[in-house]
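**Q** Quick one, what's the 3D model for this:
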Amino acid sequence: MRIGELAQRCGVTVRAIRYYESLGLLESRRGPNGYRVFDDAAVARVRNIRTLLDSGLDGASVAAVGHCLDGDLQGSEPCSDAIALYERRLAVVDERVRSLTEVRDQLARRLAELLGTAR
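**A** Residues are numbered from 1 along each chain as shown. Model (predicted):
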């Protein structure tokens, strides 16, 4: 299938497909007319890429587990590299939440002080 059809079947843009290709997450061949041609397995692969990106991973992280993208991510045996990636990413997010909570608490305290002295 051509790139536009793949994008449409997966609910993504052609630009996204090109981006996934640039990361090495997708492969295509060129038809006689020079257009990119993808096989049917690319549909599952793009959907899996979207699942990981929608989970908060970035493109480089998804590329690191590219070998886990074939098949059904939801219903198959989990890929150990993907599990490790999720664990690392979750630790980063937890630290950001902790840090932002501290900032929020400081702002709230300072606002309370300012409101208390303004009256």
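
**Q** Identify the residues contacting T13.
**A** Going by C-beta atoms under 8 Å, 6 or more residues apart in numbering, T13 touches A7. Placement of C-beta: from N, CA and C, glycine included.

**Q** The residue most central in space within the chain in helix, strand or coil?
**A** Central residue of the chain (C-alpha atoms, centre = their mean): L53, 1.3 Å from the mean position. Under DSSP: H, G, I helix; E, B strand; the rest coil, L53 falls in the helix class.

**Q** Check the gap between R89 and V46 for me.
**A** 21 Å (C-beta to C-beta, to the nearest Å).

**Q** now do L100
**A** 32 Å.

**Q** quick one: which of these two has more around it?
**A** Set side by side, L100 and V46 show more neighbours around V46, with 23 against 10, by other C-beta atoms under 10 Å.

**Q** Which helix or which strand is home to that one?
**A** helix 41-54 (DSSP states H and E).

**Q** Need the contact partners of that helix.
**A** 1, 6, 9-12, 17, 20, 25-26, 28, 59, 61-62, 65, 68-74, 82.

**Q** quick one: buried residues of it?
**A** Residues A42, R45, V46, R47, N48, I49, R50, L52, L53 are the ones in helix 41-54 that count as buried (16 or more other C-beta atoms under 10 Å).

**Q** still on that earlier bit, what's the spacing between the residue nearest to the centre of the chain and L100?
**A** Look at L53 and L100: by C-beta to C-beta, they are 22 Å apart.
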